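S.K.: Just the structure for this:
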Amino acid sequence: MKTSEKNRTHPLVLGQCAKNSEEGEGYTIFKNTNKSLVAEIKALDKASDTWKEYNYKGLCKVEKELNSTQRLCVDEDGKYFIKNVKDFANTSKNNLLDEINNKFDVAEHINNLIGPLYTSDGYKKIEFTSYKDVLKENAGHKNIAALESHYSGWGAMGRVTSKEVGVHLNTYNGISLHEGELGGSSMFCHFNKDGNICNRDYNYDLKEFIGNKPKTRKDLIEEIVAEIPDVKYKHYGNKWFTDKFAFVLEKIEPGDTDEESNGRDKGKKIFNLVKLKHSSGDNYGERYTKVKMPKTTTPSTKNDILVRILPLVNQIEFGTEVDLSKYIDLSKAEAIAPIVSKNKRVQKTKINEKKFSEVFDWVNEKFILEEDDLMKALSNLENGIEVGESEDIIKESVIEFLGESDLPSFSFDKGQRQPNHDKYKGLVKLPHGCSFSFKVEEGDACEITWSHSIYYTDVVDFELIP
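M.R.: Residues are numbered from 1 along each chain as shown. Below is the predicted model of the structure:
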């Protein structure tokens, strides 16, 4: 994300650190508006006969002048070393910055001096954590000394850590909402000798957040409402169909979170309304995310979708409660209870396994029995509960398992004929008396070279045997 020109010229942005400064290039200097704090920091800039030296213990001092360019120095353990006179200038600067940033923790002051800071969407507030909190939390750890060493020095990474706390609204291919800690980064950030804040832009660019305004739960609800087209829908279970697209409301279990690859973003899922494009006939979506409109549906409206999700939004920690009657009509909302059959499903078709190219009998397989969501969906399907949703859960899980099996290959070497598996038909036998048939087709190219062509194998026409 590029920093806007407005933020580059903001009164609190004093400019960039010079190439020959203690920090070097890539740092932005922010004005410390607390005059008394600036005065306290500047008061620390005074000459000293002692200093801290890397790899030596405690405070060091000059023991003897060896010549015009070298000094014999000693640490608190009596360990001697030689230091060049020209290096003393840098040592003084580093020791001064250490003293400043050990006494005044920049993490405690950022928001008061240049904040409060919010993300561009206004739904997350930026909070800052000090390395001291990390050390406090790990006080009894056997490697605490190594952790303390990691944070030593005014310029150490992670002495300040940013957190983006609030909600994240995603409107790409539907609408999803998460709440919690949803971003941030370890930072290089400190006070300089003039009492101003210096921050390395590459890790976390504070300029991006200056001047951003916070939004409310009302703003959030109105954005969600605007994302759902006001058209005629055909409804079944957790799905709403139109001629051009379908909405599928995923089932969220208590405690479900999204953990990003960096391990820091842990947002609790509030809801996920997936939007799938109409592909052909009664089919929506593509590849592994597909649904089929059942023959039995009921007329529905935008209101019936909103009544499922807006009460969830009104229960989050972010913001204050909103009067939902301005957005939904509960009196016209259809019943939310699942569709339940009075009788258990019975498989009527007698299966002749010899007619199938390959049989996957997973009825008693441990890896299937340990999949709680899959087993629950199979049980629901047997009992006629949430039939459409259950079929989708089973389909998604089983196709993933099939992808790890020895399915027919569409790969071939140069000069060979491309394999044809049009007559292939597989059978998957699952617990709760559920059996599915499927076919295969050539998927996306995996590797194409002068000597061979390799394609993924896609599972298609995955259907419950009636």
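S.K.: Who are the contact partners of residue 67?
M.R.: Contacts for residue 67 were tallied using CB atoms under 8 Å, 6 or more residues apart in numbering; there are none. For the C-beta atoms, the positions are set from N, CA and C on the backbone; glycine is no exception.
S.K.: separation between it and residue 84?
M.R.: According to CB to CB, to the nearest Å, residue 67 and residue 84 sit 10 Å apart.
S.K.: where along the stretch 1-150 of the chain do the strands fall?
M.R.: Secondary structure of the stretch 1-150 of the chain (DSSP state E, counting those that start in this stretch): strands located at 13-16, 27-30, 50-52, 59-65, 70-74, 80-84, 124-130.
S.K.: So which bits of the second one are buried?
M.R.: Residues of strand 27-30 classed as buried by neighbour count (16 or more other CB atoms under 10 Å): 27-30.
S.K.: Model confidence at residue 141, what's the number?
M.R.: Confidence at residue 141, expressed as pLDDT, is 82.
S.K.: Going along the chain, name the helices of the stretch 151-300 of the chain.
M.R.: 217-227 (DSSP state H, counting those that start in this stretch).
S.K.: For it, which residues score under the pLDDT cut-off?
M.R.: Applying pLDDT under 70 to the stretch 151-300 of the chain flags the ranges 253-266, 288.
S.K.: how many neighbours does residue 448 have?
M.R.: 10 (other CB atoms under 10 Å).
S.K.: I'd say it and residue 413 touch.
M.R.: No - here residue 448 does not reach residue 413: they are 12.0 Å apart, not a contact under CB atoms under 8 Å.
S.K.: ok, back up a step: include pLDDT when you put the buried residues of strand 27-30 into a markdown table, please.
M.R.: Conversion of those to a markdown table gives the following (pLDDT from 0 to 100):
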| residue | pLDDT |
| --- | --- |
| 27 | 94 |
| 28 | 95 |
| 29 | 94 |
| 30 | 95 |
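S.K.: Just put these in CSV and tack on distance to residue 249.
M.R.: Listed next are the buried residues of strand 27-30 as CSV, based on distance: CB to CB, whole Å:
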residue, distance to residue 249
27, 46
28, 44
29, 49
30, 44
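S.K.: Could you single out the nearest of those to residue 209?
M.R.: Residue 209 has its nearest neighbour among the buried residues of strand 27-30 in residue 30, at 11.3 Å by CB to CB.
S.K.: and the strands of the stretch 1-150 of the chain as CSV, adding distance to residue 406?
M.R.: Conversion of the strands of the stretch 1-150 of the chain to CSV gives the following (distance: least, CB to CB, whole Å):
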stretch, distance to residue 406
strand 13-16, 59
strand 27-30, 56
strand 50-52, 63
strand 59-65, 68
strand 70-74, 70
strand 80-84, 66
strand 124-130, 46
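S.K.: Which of the ones you listed comes out lowest on mean pLDDT?
M.R.: Averaged per stretch, pLDDT over the strands of the stretch 1-150 of the chain is lowest on strand 50-52, reaching a mean of 76.
S.K.: Tell me the helices and strands packed up against that one.
M.R.: strand 59-65, helix 88-103 (3 or more CB pairs under 8 Å, 6 or more residues apart in numbering; DSSP states H and E).
S.K.: And the contacts of the shortest one?
M.R.: The one in question is strand 59-65. Contacts for strand 59-65 (CB under 8 Å, 6+ apart): 49-53, 71-76, 80, 83.
S.K.: That one vs strand 80-84, what angle?
M.R.: 80 degrees (axes from the mean of the first three to the mean of the last three CA atoms, to 10 degrees).
S.K.: list the buried ones in strand 59-65?
M.R.: By neighbour count on 16+ other CB under 10 Å, the buried set for strand 59-65 is 60, 62.
S.K.: try stretch 238-257
M.R.: Neighbour-count burial for stretch 238-257 [16+ other CB under 10 Å]: 238-242, 245-250.
S.K.: cool, stretch 211-223 as well?
M.R.: By neighbour count, with 16+ other CB under 10 Å as the criterion, the buried positions of stretch 211-223 are 212, 215, 217, 219-221.
S.K.: From one end of that stretch to the other, what's the distance?
M.R.: As for stretch 211-223, its first-to-last residue distance stands at 21 Å under the measure CA to CA, to the nearest Å.
S.K.: And stretch 106-122, by the same measure?
M.R.: Its start and end residues considered, stretch 106-122 measures 24 Å (CA to CA).
S.K.: now swap in stretch 357-375 and tell me
M.R.: In stretch 357-375, first residue to last residue: 26 Å (CA to CA).
S.K.: Stretch 67-80 now?
M.R.: Using CA to CA, the span of stretch 67-80 from its first residue to its last is 16 Å.
S.K.: Likewise for stretch 71-78?
M.R.: Across its full length, stretch 71-78 reaches 15 Å end to end, with CA to CA as the criterion.
S.K.: Identify all contacting residues around it.
M.R.: Looking at stretch 71-78 with CB under 8 Å, 6+ apart, the contacting residues turn out to be 53, 56-66, 80-85, 88.
S.K.: Return the backbone torsion pair for residue 309.
M.R.: Note on residue 309: backbone dihedrals following degrees, to the nearest 10 are phi -110, psi -30.
S.K.: My guess is it contacts residue 221. True?
M.R.: No - proximity of residue 309 to residue 221 does not meet the contact threshold set by CB under 8 Å, at 9.6 Å.
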